[in-house]
Structure formats: C-alpha cells, structure tokens
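# Dropping a prediction and its sequence here:
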Amino acid sequence: MSFWRTFVQTAPTTRRDDIEDIKYHLTRLFDSEASLMSIDDRLTEVQRSNYRFGIEDVHLLSASLDHQQLALKLENYIRHFEPRLSQVMVELVERKAGENTIAFNIVAKAKTAQGEKELIFDSKISLSDMTTDMKEDLYE
C-alpha cells in the first residue's frame, strides 16, 4: 500500500485491500532473509521484532528438514509476523522435476475490517533467486 493510502486517505479500506496487504506482507516475509545472529530464546520480543523478520537460510531449511518440519517452520514464521491471520496451516506440495522451488499452500483465517474471511494462498519460493510468487485461491 502506498504511504498516502495507508496514513493519509480517510476512505475505509475494503476487504480486497486488507487481503492484498496481507499477501504483500507475506511475500516480503518469504523474500527476506533473517539475521543469522544467535539470539537468546528468552528474548521473545527481539525474536518477534523486525530484527528477525524473514526466513533463516531457506536453502538449509529445505535441505535439512522433512516436509512436516518445514511446514511447521513456515507456519511459525507466519504466526509471528502476520498477526491478522489465525488458524494458519501450511501444506507443502511435491516438487516437480527440474523445478528449483518450494511450493506450498497457506490456509488461514484473516481478520479484516469487514470481519473474518478464510484465505488460501498458492505460494512458491524460488531457491535460485529467492523470490516469492503468491496467488490467492478465490473460494467463497
């Protein structure tokens, strides 16, 4: 969202604006790499701050974790950094031969200005250039 629309414009936001903002925020989360500095687990506010925003070495995560562990790790990132989503579930999709991506679906409930809505995002993280592609499934 632009600065004007976010902070100055007084028109109420629509459900579509809220969902686009969530999608944008999740895309930035998966595009970003978190600091690899070790932080004491007792510093919970630092763990959830912008200092830790992003994913810790996605190549290492995809190589060292099985599907269930990787899905749980992605769910935790989403829960920490996107508080408008609840009941978050990540389902990994099998990799296609020759495709260097992590493909997964995000299923969650979104808290918007117009109430709760169930969202499903088809998502891909490219391991070659660390970009994220995210599309919303329009099931109502």
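Yep, it's here.
# Find the residue at the geometric middle of the protein.
The residue lying closest to the centre of the chain (C-alpha atoms, centre = their mean) is residue 26, at 3.3 Å.
# mean confidence score for the longest helix seen in the chain?
The residue-count maximum for a helix in the chain (DSSP state H) belongs to helix 15-31. In this model, helix 15-31 has a mean pLDDT of 87.
# need the helix or strand of this structure with the lowest average pLDDT.
Least confident helix or strand, the chain: helix 3 with a mean of 62, by mean pLDDT, DSSP states H and E.
# Quick check: buried residues in the longest helix of the chain?
For helix 15-31, a neighbour-count test (16 or more other C-beta atoms under 10 Å) marks 17-19, 21-23, 26-27, 29-31 as buried. (Glycine included, C-beta is placed from N, CA and C.)
# residues in contact with it?
Identification of contacts with helix 15-31 by C-beta atoms under 8 Å, 6 or more residues apart in numbering yields 1, 5, 53-55, 58, 77-78, 81-82, 84-85, 106, 110, 112-114, 117, 119, 121, 123, 125, 130-132, 134, 136.
# Select from those residues every entry located in strands.
Per DSSP state E, strands hold the following members of those: 85, 106, 110, 112, 117, 119, 121, 123, 125, 132, 134, 136.
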